[in-house]
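Peer 1: Would you be able to build a 3D model of this:
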Amino acid sequence: MKTVITSLALALAAAAVQAHGDHAASAPAAVKKEQKAWGIAGERRAARRTVEITMSDDMRFTPSRINVRQGETVRLVLRNTGAVLHELVIGTPRELEEHAALMLKFPGMEHDEPYMAHVPPGQTGEIVWTFNRAGEFDFACLIAGHFQAGMRGNIVVRAR
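Peer 2: Next comes the predicted model:
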C-alpha cells in the first residue's frame with residue numbers, strides 16, 4: 001500500500017510540473033477572471049496607464065515599488081534585460097513565499113495565471129491587472145533562487 005501511495009504522489013508531482021510546462025506551442029487560452037486578494041485580471045483596452053518594469057540579473061526589479069489607485073487597470077510591461085529567464089508574479093507575501101518554496105522543489109515549473117509572466121532573456125512580457133482591492137501586495141521572481149536573492153517588489157493600492 002505504501003508503494004502505491006508513493007507512486008501516486010510521484011505521478012501527481014510529475015503531472016503538476018508538466019501542467020506548468022512550456023506553453024509556447026499551445027494556443028492562447030482565455031484569461032481566467034478569478035478574484036484574488038490583490039485584484040482580478042484586467043482587459044488591455046481598459047488600461048489607462050502602462051508601467052514598465054525592468055528585470056535584471058542582479059536579481060532586482062526597477063522600479064521595485066508601484067503605486068496605483070483602487071479600481072485602476074494597469075498594463076505592466078516587463079523587460080528582461082538579463083541573460084537568464086525571469087518572471088513576475090503578483091501576490092501576498094505569504095503566497096509568494098509558499099510558491100517560491102515549491103519552485104525550489106520543482107525548478108522547471110512554469111505558470112499560466114494572468115498575474116504571472118515568464119520573460120526570456122532580452123524579451124518583454126505583459127500583465128494587465130485591475131487592482132480592485134486596496135492594500136499592500138508584492139510581486140516577485142519565483143525562479144529557483146531569485147526570490148531568495150531578493151528579487152521582489154511592492155504594490156501599494158490606495159483606497160478610493
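Peer 1: CA only for contacts and neighbour counts going forward, please
Peer 2: Noted.
Peer 1: In space, what's closest to the most centrally placed residue in the chain - neighbours in sequence excluded?
Peer 2: The residue lying closest to the centre of the chain (C-alpha atoms, centre = their mean) is V89, at 1.8 Å. Distances taken as C-alpha to C-alpha, 6 or more residues apart in numbering put M116 closest to V89, at 4.3 Å, once the chain neighbours are dropped.
Peer 1: residue ranges with poor pLDDT in the protein?
Peer 2: Along the chain, segments meeting pLDDT under 70 span 1-30, 110-111.
Peer 1: Quick one: the strands in it, in order.
Peer 2: Applying DSSP state E to the chain gives strands spanning 40-41, 49-56, 60-62, 65-69, 72-80, 86-91, 116-119, 124-131, 135-140, 152-158.
Peer 1: And for the residue nearest to V89, the neighbour number?
Peer 2: Other residues near M116 come to 22 when the count uses other C-alpha atoms under 10 Å.
Peer 1: likewise L85?
Peer 2: Residues lying near L85 (other C-alpha under 10 Å) number 18.
Peer 1: which residues touch it?
Peer 2: Counting by C-alpha atoms under 8 Å, 6 or more residues apart in numbering, L85 makes contact with H118, V119, P120, P121, I143.
Peer 1: burial of the first one, as a residue count?
Peer 2: Looking back up the chat, that one is H118. 22.
Peer 1: can you pull up the bridge partners for it?
Peer 2: E87 (DSSP bridges).
Peer 1: Right, I'll call it a day here.
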